[in-house]
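# Need a 3D model of the following:
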Amino acid sequence: EYTNTLTTKQMRWNVSIVPLPGGKYRVLTPRECWLLMGFTNEDFDKVEHLNRNQLYKQAGNSIVVQVLEAIFKEIYLKEKK
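The predicted structure follows:
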């Protein structure tokens with residue numbers, strides 16, 4: 001199963017932006033970054049009180065659990081052959 005890729009650009013002030021037509025862009029919120037990384041709204045609500053930059057950094061330093069699971073499944077299936 002595949003999905004579309006969200007293309008973002010890392011800006012110097014440590015946020016991700018989504019390019020839009022006409023040279024415009026939209027900054028992703030910390031919540032959106034967390035949701036893209038596979039966290040739930042409840043997970044984000046627990047840490048929402050943290051500094052905005054810290055929230056971006058934590059999302060960027062995480063790994064999407066579903067991606068890690070897929071990698072492990074592929075390794076396991078190749079080892080079974």
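
# Any chance you could give me the helix or strand where residue 17 lies in CSV, C-alpha atoms only?
For residue 17, the host element (DSSP states H and E) is strand 16-19. Output of strand 16-19 as CSV, limited to C-alpha atoms (Å, rounded to 0.1, in the frame of the first residue of the first chain):
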residue,chain,number,x,y,z
SER,A,16,8.3,23.0,7.7
ILE,A,17,6.3,24.7,5.0
VAL,A,18,4.1,23.3,2.3
PRO,A,19,4.5,25.1,-1.1
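
# In its sheet, which strands sit next to that strand, and in what direction?
When pairs are called by DSSP bridges, strand 16-19 turns out to pair with strand 9-10 (antiparallel), strand 25-27 (antiparallel).

# tell me which residues in that strand are buried?
Neighbour-count burial for strand 16-19 flags residue 16 (criterion: 16 or more other CB atoms under 10 Å). C-beta coordinates here come from the backbone N, C-alpha and C atoms, glycine included.

# cool, stretch 62-78 as well?
Within stretch 62-78, no residue is scored as buried using 16+ other CB under 10 Å.

# contacts for that stretch?
37, 38, 39 (CB atoms under 8 Å, 6 or more residues apart in numbering).

# C-alpha coordinates for it, CSV please?
Extracted as CSV, the C-alpha positions of stretch 62-78 are listed here (Å, rounded to 0.1, in the frame of the first residue of the first chain):
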residue,chain,number,x,y,z
SER,A,62,10.9,10.8,15.8
ILE,A,63,10.3,7.9,13.4
VAL,A,64,6.9,6.9,12.0
VAL,A,65,6.0,3.7,13.8
GLN,A,66,4.1,2.2,10.8
VAL,A,67,7.3,2.7,8.7
LEU,A,68,9.4,1.0,11.2
GLU,A,69,7.0,-1.9,11.4
ALA,A,70,7.0,-2.3,7.6
ILE,A,71,10.8,-2.3,7.6
PHE,A,72,10.9,-5.0,10.3
LYS,A,73,8.3,-7.1,8.4
GLU,A,74,10.4,-6.9,5.2
ILE,A,75,13.5,-8.0,7.1
TYR,A,76,11.6,-10.8,8.8
LEU,A,77,10.1,-12.1,5.6
LYS,A,78,13.5,-12.1,3.8
